[in-house]
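In: Any chance you could fold what I've pasted below:
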Amino acid sequence: MTGDAPLVSFTGVARFYGEGGGLVRALAGVDLTIGRGEFIAIMGPSGSGKSTAMNIIGCLDRPTGGSFRFLGVEVNGLTQDQRALLRRNFIGFVFQGFNLLNRTTAIENVELPLIYRGMGRHERRERAMEALHLVGLDGREHHTPGELSGGQQQRVAIARAIVTDPLLLLADEPTGNLDSARSQEIMELIARLNEERGITVVMVTHEPDMAAHAHRIIRFVDGHIASDEQKEAA
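Out: Just a heads-up that it's a prediction; the model follows:
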């Protein structure tokens, strides 16, 4: 991988579903560059292409056409196993629904990505404890999701996403299931991880208040980028 290459680069990326009269152009030739350390909010109405773009960036979907490069490597040419390794080693995911294992403690949920990496029990326990500390959950490591509030569950999910020290954090409506106070707490946490640890953040959101935490806001409409605005530094 090329060290000075953009983290993510789309050139004419298209994604079509169906065929004939049922053809849906979810992405219709998108050009996009994301540099290391950015904090980007992706917005747009339902069906605009924002989630499709995120799924391609996360190597969960493949473009129908165009070029998608991650650190200079053409992802379209990778095998399924290589794409899985890219996800495992470079990308963390946070979802609206938390996606935690209900009968598993917080620390065991956070350890899961490290188990997939084959890391030994002692080292992964230390890494998981550090991640839970970073998200402010000291003393909650042995609680199951049912014993935690919604905000605390999302903190566990964020700890799980960052325990591998990823270059990129993809957050899909991370505050969609939270009240306004917990939403602000989670956004402040994500912003801090971006600022202090240099993790690139790409977040899909419908909420302008949440998008305001980002440094750059990209709006999708009908499979195209309608606007790409960089916030001025305070």
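In: Next, give phi and psi for the residue most central in space within the chain.
Out: What sits nearest the mean C-alpha location of the chain, by C-alpha atoms, centre = their mean, is L170, with 0.6 Å. Main-chain torsions, L170, degrees, to the nearest 10: phi -100, psi 120.
In: these two touch, right, it and G92?
Out: Yes: assessed by C-beta atoms under 8 Å, L170 is found in contact with G92 at 7.2 Å. C-betas here are computed from N, CA, C, even on glycine.
In: Tell me how far the residue nearest to the centre of the chain lies from I115.
Out: L170 sits 21 Å away from I115, going by C-beta to C-beta, to the nearest Å.
In: Show me the shaky parts of this structure.
Out: Along the chain, the model assigns pLDDT under 70 to residues 1-3, 233-234.
In: in the chain, which spans are strands?
Out: Ranges of strands within the chain are 8-17, 24-34, 39-43, 65-70, 73-74, 91-95, 168-172, 200-204, 216-221, 224-230, based on DSSP state E.
In: Could you dump those strands into CSV with distance to E111 added?
Out: Compiled in CSV, these are given as follows (distance: least, C-beta to C-beta, whole Å):
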stretch, distance to E111
strand 8-17, 28
strand 24-34, 29
strand 39-43, 27
strand 65-70, 26
strand 73-74, 29
strand 91-95, 14
strand 168-172, 18
strand 200-204, 23
strand 216-221, 33
strand 224-230, 37
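In: For P145, find the nearest of these.
Out: Nearest to P145 among the strands of the chain is strand 91-95; the distance by C-beta to C-beta comes to 13.4 Å.
In: Compute the inter-axis angle for that closest one and strand 65-70.
Out: Going by axes from the mean of the first three to the mean of the last three C-alpha atoms, to 10 degrees, strand 91-95 is angled at 110 degrees with respect to strand 65-70.
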